[in-house]
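# give me a 3D structure for the following:
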Amino acid sequence: MIQRLQSLWLLLAAACAFAAFKFSFYSGTNAKGISPYELKGTENFLLMLSTIIVGGLALITIFLYKKRGLQIGLSILGILLQALLIFLYYREVKTFTQGTYSLTAILQLIIVVAFFMAARGIRKDEKIIKESDRLR
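I've put the predicted structure just below:
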């Protein structure tokens, strides 16, 4: 389970998702005039819930290693949910009057790449197993 490369990709996705609670996505002056304000995953309930779902989905997907079809489906779902989460962050960024994206905003893109690489690894495993079944 952990020795498979896709499990490491999913673990990276989960770690980056939960790191969004600690590190900021955007920092600047918000609409209320608070100047050194950081946008994190705990900004509002919807952002927090989406972040927990994406991180939890990545962790749950690791342990479904015997059901590769379901793993691929959950990885694709993770990519879609992460795209939704990035949209939610973007919507919150529009409420700021000025500011800049933080360097740690790249964590959100790393999650998408990690889910994609995990799905690719799962597909390779599935192909290897089908070929080995054919040879028997």
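# thinking residue 71 is in contact with residue 63, fair?
No - at 9.6 Å, residue 71 does not count as touching residue 63 under the criterion of CB atoms under 8 Å. Using the backbone N, CA and C atoms, a C-beta is placed for each residue, glycine as well.
# closest to the centroid, which residue in this protein?
The C-alpha lying nearest the average C-alpha coordinate of the chain belongs to residue 111 (CA atoms, centre = their mean; 3.5 Å).
# pLDDT wise, what is that one at?
Note on residue 111: pLDDT of 96.
# which ones are touching it?
Listed by CB atoms under 8 Å, 6 or more residues apart in numbering, the contact partners of residue 111 are 13, 16, 17, 54, 58, 78, 82.
# can you give me the distance of it to residue 104?
Per CB to CB, to the nearest Å, residue 111 is found 12 Å from residue 104.
# again, but for residue 75
23 Å.
# the two: who's more crowded?
Neighbour tally, residue 75 and residue 104, criterion other CB atoms under 10 Å: the higher count belongs to residue 75, 26 against 19.
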